[in-house]
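> Sharing a model that was predicted from the sequence below.
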Amino acid sequence: MLDSVSSIASFATHMSAQKTAQQVQLAVLNKAQDLQQQQGQNVLQLMESAAPPAQSIDVHV
């Protein structure tokens with residue numbers, strides 16, 4: 001009887017640890033996605049602030 005109670009307690013502890021690990025992984029994933037989105041916005045701002053390309057290129061040597 002004590003062995004089955006111990007097994008159930010061990011299983012519950014394991015499941016709780018897995019749930020916590022999954023929550024941490026999800027939080028890290030969300031943070032990475034937020035960072036990637038911010039970097040994309042920064043790249044767009046940088047491209048918009050850059051000087052427009054010249055209308056023609058002088059290729060005479």
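Good, I have the coordinates.

> For residue 46, list the residues it contacts.
If you count contacts by CB atoms under 8 Å, 6 or more residues apart in numbering, residue 46 has none. Using the backbone N, CA and C atoms, a C-beta is placed for each residue, glycine as well.

> give me the element it is part of.
Assessed by DSSP states H and E, residue 46 sits inside helix 2-49.

> could you give me the average pLDDT of that helix?
If you average the pLDDT over helix 2-49, you get 94.

> How far does it sit from its chain's centre?
Distance of helix 2-49 from the chain centroid (CA atoms, centre = their mean, to the nearest Å) equals 9 Å.

> just stretch 51-60 next, same as before
39 Å.

> just the CA coordinates of it, formatted as PDB?
Extracted as PDB, the C-alpha positions of stretch 51-60 are listed here (Å, rounded to 0.1, in the frame of the first residue of the first chain):
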ATOM      1  CA  ALA A  51      18.800  57.500 -48.100                       C
ATOM      2  CA  PRO A  52      17.000  56.500 -51.200                       C
ATOM      3  CA  PRO A  53      19.100  54.900 -53.900                       C
ATOM      4  CA  ALA A  54      20.400  57.200 -56.700                       C
ATOM      5  CA  GLN A  55      18.400  57.300 -59.900                       C
ATOM      6  CA  SER A  56      21.400  56.400 -62.000                       C
ATOM      7  CA  ILE A  57      24.800  55.000 -61.500                       C
ATOM      8  CA  ASP A  58      27.900  56.500 -63.100                       C
ATOM      9  CA  VAL A  59      29.800  53.600 -64.700                       C
ATOM     10  CA  HIS A  60      32.300  55.700 -66.800                       C
END
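
> who touches that stretch?
By CB under 8 Å, 6+ apart, no residue outside stretch 51-60 reaches it.

> Okay, the most centrally placed residue in the chain and residue 42: tell me how far apart.
Nearest to the mean C-alpha position of the chain, by CA atoms, centre = their mean, lies residue 32 at 2.0 Å. Distance, residue 32 to residue 42, using CB to CB, to the nearest Å: 15 Å.

> Fine by me, thanks again.
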